[in-house]
Structure formats: structure tokens, C-alpha cells
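S.K.: quick one: sequence plus predicted model below, questions after.
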Amino acid sequence: MKSALFAAIAATLLAPAAAQAGPGSDFAAFAAAIGETARARSQEAARRPAAPATPLDIEDPLSFELEQFSVEALLMSRRIDEAGGPIDLRCIFRGMSADATSRLEALNAAETAAEQAHIYADLAALMSDASNIAPAVDSDTDLSGVELPASCPALSGG
């Protein structure tokens, strides 16, 4: 998913009122924590770009958290769907789920620390987007004017 899309959505979410507590806010906090870890790992890997990549061990907490993020994003999409919520949010959460899964796979397939540094940076950006967008689940934010990516399943009626 494109960062510009998330920036546009985040801009529509900025409001003077404090964010309400709810599943979206909880998900946002979870994503922010993962983002901090990804940022730190990106910086660490960038310091040794030519080194061989270090695949994530299944016991690595980040591996588990990325898998959990993917599942929770998909569940968030389903909850929004069941509640008759906005198609754009359903699509965004499905996309975030797929993104997290593919980036986890990419981390494990990377050959150099430099490659991993870029993937970790992309993960940090994804988590930042997720933490900015997720609170919309707890509100009546209208995202109908936001342009969805062409690959969005919502555009094909799914």
C-alpha cells in the first residue's frame, strides 16, 4: 500500500478531540510498538550493510508480533465488514495484513543486512500508517474521498 494513501487518510483523521478508546486504538498502540522495534532493527542492520542477513527465528518476538498483527488486521477488516462499516477501511486492513505477512517473508529471504534494513524501514512505515489509521475504527470518520489503490479488493466488490 502506498504511503501517500496513508498520509491522506491520516490527515482526515486528525481532529482536536482526543481519540476514543476501543479496538482501533488498541490496534494502533500495538502497531506503534512494532514500529519502534522495526525502526531500531532497521538502524542496526544499516550499520552493517554488507553483512549477511539474519533471518528471524521463530522464537523472535517480532516474528510472532508480525504474525499477530497480520491476523488482527484481518479480523479488524472482518469486524468492520460485519458492522457494515466503510469499504475503504475494510480494504485497508486487509492490505495491511497482507503487507505484514509479505514483509516478514521478505525479511527471512533477504541476503544482506542492507536488504533487511530497507524491509525493516518499510515495516516501520507500515506500522506508523496502521497506528494513524486504526483509530478511525472507533469513530465515524468518513474516508469516502480517499483514493484506494487499484489492487484494493473493495473496488471489485470484495
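M.R.: Sure, I can see it.
S.K.: could you pull out the helices in the protein for me?
M.R.: Taking DSSP state H, the helices of the chain run over residues 3-13, 23-46, 61-82, 87-109, 113-133.
S.K.: of these, which is nearest residue 55?
M.R.: Closest to residue 55 of those, according to C-beta to C-beta: helix 87-109, at 4.4 Å. C-beta here means a position set from N, CA and C on the backbone, and glycine is covered the same way.
S.K.: now that closest one: buried residues?
M.R.: Of all the residues in helix 87-109, those buried under the rule 16 or more other C-beta atoms under 10 Å are 87-101, 103-104, 107-108.
S.K.: that older thread, the helices of the chain: lowest mean pLDDT?
M.R.: Mean pLDDT is lowest for helix 3-13 out of the helices of the chain, coming in at a mean of 47.
S.K.: tabulate the helices of the chain (CSV), appending distance to residue 53.
M.R.: What follows is the helices of the chain, written out as CSV (distance: least, C-beta to C-beta, whole Å):
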stretch, distance to residue 53
helix 3-13, 24
helix 23-46, 8
helix 61-82, 14
helix 87-109, 8
helix 113-133, 5
